[in-house]
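[1] Structure for this input, please:
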Amino acid sequence: MMDLMIVTLAVLDGLAYASQVFMVAVGMTLIFGVMRILNIAHGGFYAIGAYLSAAIGLAIAGAGLSPWLHFPALILGAVVSGGILGLVIERWVLRYIYVKEEVLQLLVTFAIFMMLEDVQRLVFGVQPYASSSLVQAMGTIDVMGIPYNTYQILLLPGVAIAVLIGLRFFLRRTLLGHLITATAEDREAATAMGVNANRVFLLTFAIGTVLASLGGALAAPTTAVQLGMGADMIVLSFAVVVTAGLGKIGGAAITAVLIGLGRSFAIYLMPELDVLMPYFIMMLVLLIRPYGLFGTVETRKI
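    Alright, predicted model coming up:
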């Protein structure tokens with residue numbers, strides 16, 4: 001019975017953790033798939049979304065309002081903050097480096113990440129934020145005699161699944177989605193047919209940053225929000241994106257689950273391998289398939 005309990009709890013923890021990582025990783029892989037830029041600044045958007053969510057939760061609790069208001073407020077805060085920041089950064093910074101070398105693109109996005117870290121320090125200070133009122137309001141579910149947060153077991157995976165389905169529907173069934181897909185496949189051909197690639201890039205980057213900010217906002221009620229959390233998440237998200245294959249949205253979801261479960265089982269069975277496990281999985285996959293689990297070998301113009 002104890003073995004079954006450990007497996008059950010490890011799976012639930014792994015799925016909850018995978019949901020958080022996927023929200024950030026899917027935005028990163030979308031941006032790379034369309035714009036061919038590996039956005040290191042993605043972790044900064046995640047952290048800002050988390051800070052805003054925690055600040056909103058504390059303000060709602062301080063005003064004596066219903067904790068259920070925290071959920072729509074954190075969604076709105078993530079969309080507004082991620083969308084506005086994404087639009088500004090793409091329009092006034094990234095647009096000028098698309099034709100530059102990949103190394104310069106990495107350095108520029110890393111510089112943006114460092115500036116976003118300073119923004120967090122200036123706006124929110126250096127003390128950790130914690131707001132778990134929404135988690136408490138949602139209560140717990142009994143899992144084999146152990147209380148488990150409903151927020152983590154239902155809400156986080158539910159939102160992640162909704163994002164995956166919604167994003168795939170958007171890309172496959174809408175005009176804007178077809179324009180994004182066409183630009184990702186062949187920017188020159190799409191431009192020749194009248195597609196405004198700059199607008200597509202602007203929209204894509206904004207969607208990606210909103211997803212990153214939303215991931216942070218959803219993670220905030222379950223953890224202490226503090227400086228440095230963006231760096232940790234960007235490294236883990238990079239592991240997911242690379243393991244899946246750059247630009248593979250569906251692959252990112254499966255790989256996030258794989259890495260989430262691997263990390264969770266390591267915590268329960270071999271705690272000393274907790275931090276190592278995601279990167280061990282990445283290394284193992286890349287040794288066998290250098291282009292990722294779902295990636296394919298592509299030709300490239302020189």
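[2] and the closest residue to L167 other than its chain neighbours, how many neighbours?
    Excluding the flanking residues, the one nearest L167 by C-beta to C-beta, 6 or more residues apart in numbering is I249, at 6.4 Å. Bear in mind the C-beta positions are built from the backbone N, C-alpha and C, glycine included. I249 has 19 neighbours, counted by other C-beta atoms under 10 Å.
[3] residue contacts, I249?
    26, 29-30, 33, 164, 167-168, 171 (C-beta atoms under 8 Å, 6 or more residues apart in numbering).
[4] and these, which are buried?
    When the contacts of I249 are checked for burial by 16 or more other C-beta atoms under 10 Å, the buried set is 26, 29-30, 33, 164, 167, 171.
[5] ok, of those residues, which one's closest to Q120?
    V26 (22.6 Å; C-beta to C-beta).
[6] And that closest one, how far from K100?
    Distance, V26 to K100, by C-beta to C-beta, to the nearest Å: 26 Å.
[7] and if you look at T209?
    T209 is 20 Å from K100, by C-beta to C-beta.
[8] three-state assignment of D142?
    Put simply, D142 is strand when judged by DSSP: H, G, I helix; E, B strand; the rest coil.
[9] which residue sits closest to it, ignoring its sequence neighbours?
    Leaving aside its chain neighbours, D142 sits nearest to Y148 (7.6 Å; criterion: C-beta to C-beta, 6+ apart).
[10] Give me the next element, helix or strand, following the helix or strand harbouring G57.
    Under the criterion DSSP states H and E, the helix or strand holding G57 is helix 42-62. Note on helix 42-62: by DSSP H and E, the next helix or strand toward the C-terminus is helix 70-92.
[11] And that following helix, what's buried?
    Using 16+ other C-beta under 10 Å, the residues of helix 70-92 that count as buried are 70-71, 73-74, 77-79, 81-83, 85-86, 89-90.
[12] Check stretch 283-291 too.
    Residues of stretch 283-291 classed as buried: V285 (neighbour count, 16+ other C-beta under 10 Å).
[13] what's the spacing between it and its chain's center?
    22 Å (C-alpha atoms, centre = their mean, to the nearest Å).
[14] mean confidence for it?
    Across stretch 283-291, pLDDT averages out at 90.
[15] what do you get for stretch 238-253?
    For stretch 238-253, the mean pLDDT works out to 89.
[16] Next, the distance between the ends of that stretch.
    13 Å (C-alpha to C-alpha, to the nearest Å).
[17] Can you pull out the residues in contact with stretch 176-192?
    Stretch 176-192 is contacted from outside by 33-34, 169-172, 193, 195, 197, 200-201, 203-204, 247, using C-beta under 8 Å, 6+ apart.
[18] Tell me the buried residues in stretch 182-201?
    Applying 16+ other C-beta under 10 Å to stretch 182-201 flags 182-184, 187, 190, 195, 197, 200-201 as buried.
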